[in-house]
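>>> Quick one: sequence and predicted model below, then my questions.
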Amino acid sequence: LSGPILDEAAKPMLSMICIFVVFLGYLSGIKWGGIPTSVLVMIVGVVIGWSGGYLTTEQLKEDVKLVKWYHGEFTLVDIFTHFGEVSPYMGLIIPVGLTVA
C-alpha cells in the first residue's frame, strides 16, 4: 500500500499538527489575528517540515523543476470519446449535478 495519504500518515508530527490547526480554524471559529486559516496551515507546515527534517534542499531543487506554466487543452471531441463508459451512470450524474447546482 502506498499513496499520498499513507505518505502523510508516516509523518504524524507534520500532518497531525496541520490538521489540528485546520480543525481549530474552520470548525471552532478561532481567529488567528487576521491571518486566514489556510495561510497559517501552510506556514506551520513549512516551519515543521524544515525544522523536522522532512524537507531537504535536494528535494526542493527537484520540486522547483515542476513549477512552470501548463496550458490547458480542450477539444469538443474529448467530451464524447468515452461517453459510452459514462452513460450507465447518467441516471446518477444528472440528478446530483442538478442538486448541487
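Alright, I've got the coordinates. Source: prediction; values computed, not measured.

>>> Which parts of whichever strand or helix holds residue 15 count as buried, going by neighbours?
Element membership for residue 15, per DSSP states H and E: helix 12-22. For helix 12-22, a neighbour-count test (16 or more other C-beta atoms under 10 Å) marks 14, 15, 17, 18, 21 as buried. C-beta coordinates here come from the backbone N, C-alpha and C atoms, glycine included.

>>> go on, stretch 37-54?
Of the residues in stretch 37-54, 37, 40, 41, 44, 45, 48, 49 count as buried by neighbour count, 16+ other C-beta under 10 Å.

>>> what's near enough to touch the second one?
Applying C-beta atoms under 8 Å, 6 or more residues apart in numbering to residue 40 gives the contacts 21, 25, 32.

>>> what helix or strand does residue 38 sit in?
Using DSSP H and E, residue 38 maps to helix 37-51.

>>> Kindly state the pLDDT recorded for the residue lying farthest from the centre of the chain?
No residue in the chain sits farther from the centre than residue 84, which is 30.0 Å out by C-alpha atoms, centre = their mean. Residue 84 carries a pLDDT score of 87 in this model.

>>> and the gap between it and residue 42?
Going from residue 84 to residue 42 by C-beta to C-beta, to the nearest Å gives 42 Å.

>>> How about residue 80?
Between residue 80 and residue 42 the computed distance is 40 Å (C-beta to C-beta).

>>> go on, residue 35?
Distance, residue 35 to residue 42, by C-beta to C-beta: 10 Å.

>>> May I ask which helix or strand of this protein has the lowest mean pLDDT?
helix 4-9 (a mean of 74; mean pLDDT, DSSP states H and E).

>>> list the helices and strands that helix packs on?
Packing partners of helix 4-9 (3 or more C-beta pairs under 8 Å, 6 or more residues apart in numbering; DSSP states H and E): helix 12-22.
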